[in-house]
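Participant: Could you work out the structure for the sequence below:
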Amino acid sequence: MQRAVVSRRPEWATATLWALTLILLAAFTAIAHDVYVHHALAFDRSMLTALHHAVTPALTAVAVALTDIGDPTVIAPATAVVIAALALARRWRWATLVALEVGGAAALDLATKTFFARPRPTLYPHLVHETGFSFPSGHATGDLAFFLALQLLAWHTLPPRWRWLGVLGILLALACGISRPYLQIHYPSDILAGWALGAGWVLLMHLLFYRSD
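Facilitator: Here you go, the predicted model:
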């Protein structure tokens, strides 16, 4: 059986990933600072208003489906399955790295939520029931962390024609994130911060701990 080609990063790619990681973490820090100081960003209200006026039964059904797909009760078991499969294949480094990437992002999100304790938006009625704090979005953080970790796994372990398969998951994660402010249960800044935190953390862990088999 043909062994999957292992991708090795050239120096320019590593430098680009470091730059992107720093940009993402800086973006999260900037949004977090504004939320801490001002509690709401200028564009939050206007975007929630625009989304409220765009509500239709069909869009709401799609948004509810997306938010259910990206729920932590789905992502957590999916992560466990990926880690278990890697462990069974004796890919111990990858199993550990995926656990660190996705689990670490979830832990960071929980700690950040507790620190900021930002209430959920109340500008318009929520279209689904949701509890807990708002900043950053756990869906945005966890979903992008999970699917980005899968994309990195695919890039380094699959043959070239399959390496971009994880991009579909990343697009799904972005769609899940957008569904949250549409449903009026998150500020747009919660989503942007969650994406920046989830992606920044995964890239940081990958850069620090990835070693080719």
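Participant: what about Phe43, how many residues close to it?
Facilitator: 13 (other C-beta atoms under 10 Å). Heads up, the C-betas are built off the backbone N, CA and C, glycines and all.
Participant: For it, identify the helix or strand it belongs to.
Facilitator: Assigned by DSSP states H and E, Phe43 belongs to helix 42-53.
Participant: Report the separation between the closest residue to Phe135 other than its chain neighbours and Val35.
Facilitator: The spatially closest residue to Phe135, leaving aside those adjacent along the chain, is Arg118, at 3.8 Å (C-beta to C-beta, 6 or more residues apart in numbering). For Arg118, the distance to Val35 (C-beta to C-beta, to the nearest Å) stands at 6 Å.
Participant: Return every residue with contacts to both of those two.
Facilitator: Residues touching both Arg118 and Val35 (C-beta atoms under 8 Å, 6 or more residues apart in numbering): Phe135.
Participant: show me the contacts for the residue nearest the centre of the chain.
Facilitator: With distances taken as C-alpha atoms, centre = their mean, Leu144 lies nearest the centre of the chain, 2.3 Å away. The contact partners of Leu144, taken as C-beta under 8 Å, 6+ apart, are Ile170, Ala173, Leu174, Gly177, Gly194, Trp195, Gly198, Ala199, Val202.
Participant: now, which of these lie within helices?
Facilitator: Residues from these lying in helices, with DSSP state H as the criterion: Ile170, Ala173, Leu174, Gly177, Gly194, Trp195, Gly198, Ala199, Val202.
Participant: how much does the helix with the most length in the chain deviate in direction from helix 42-53?
Facilitator: Longest helix in the chain by number of residues (criterion: DSSP H): helix 11-38. Taking axes from the mean of the first three to the mean of the last three C-alpha atoms, to 10 degrees, helix 11-38 and helix 42-53 form an angle of 90 degrees between their directions.
Participant: Number the chain from 895, please
Facilitator: With the count now opening at 895, the last piece we talked about shows up as helix 905-932.
Participant: Run through the neighbouring helices and strands of helix 905-932.
Facilitator: Packing partners of helix 905-932 (3 or more C-beta pairs under 8 Å, 6 or more residues apart in numbering; DSSP states H and E): helix 998-1010, helix 1082-1103.
Participant: Gly998 contacts His1100, correct?
Facilitator: No: in this structure, Gly998 is not within contact of His1100 by C-beta atoms under 8 Å, at 11.3 Å.
Participant: Poorly predicted segments of the chain, please.
Facilitator: Within the chain, the segments meeting pLDDT under 70 span 895-904, 1106-1107.
Participant: can we see that at 90?
Facilitator: Scanning the chain for pLDDT under 90 picks out the ranges 895-909, 931-937, 1049-1061, 1103-1107.
Participant: before we move on, back to that, where's the longest helix of the chain relative to the chain centroid, distance-wise?
Facilitator: Relative to the chain's own centre, helix 905-932 is displaced by 14 Å; criterion: C-alpha atoms, centre = their mean, to the nearest Å.
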